[in-house]
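Novice: Return a 3D structure for these sequence lines:
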Amino acid sequence: MIQKLTSEARAAQLGQLDGWQVTEGRDAIARSLQFADFNEAFGFMTRVAIKAQEMDHHPEWFNVYNKVEITLSTHEANGVTERDIALARFVDGIAKAASET
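Specialist: Below is the predicted model of the structure:
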């Protein structure tokens, strides 16, 4: 069974992530990203989608033109788990790479 992180563990993990915040009113984390244009945002979303499918762990997200909002929470655990942290780290890595180009 997948275990939800404790408040302390979640806070410690959040401190190591880039731009992720606790979602108000639920046990989830979220990040907003902005890209140069729609093509770059969609390419980013495609890379995340491939990784999410590999992990069998899918984000909640919203996209308008060059902006992407991602929320992560593990539904089976009703909160944030190591799966969410792993996917958030992946997101951070490709977002950083995109900003460096």
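Novice: Quick check: which element contains the residue nearest the centre of the chain?
Specialist: For the chain, the residue nearest the mean C-alpha position is A88 (4.0 Å; C-alpha atoms, centre = their mean). For A88, the element it lies in under DSSP states H and E is helix 82-99.
Novice: List of residues touching that helix?
Specialist: 2, 5, 13, 17-20, 28-29, 31, 33, 35, 40, 44, 47-48, 51-52, 55, 57, 59, 70, 72-74 (C-beta atoms under 8 Å, 6 or more residues apart in numbering). Where C-beta positions appear, they are placed from N, C-alpha and C, glycine not excepted.
Novice: ok, of the residues you listed, which come out buried?
Specialist: Using 16 or more other C-beta atoms under 10 Å as the burial test, those include 5, 13, 17, 20, 28-29, 31, 33, 35, 40, 44, 47-48, 51-52, 57, 59, 70, 72-74 as buried.
Novice: Quick one: the strands in this structure, in order.
Specialist: Along the chain, counting by DSSP state E, strands occupy 21-22, 29-34, 60-64, 67-72.
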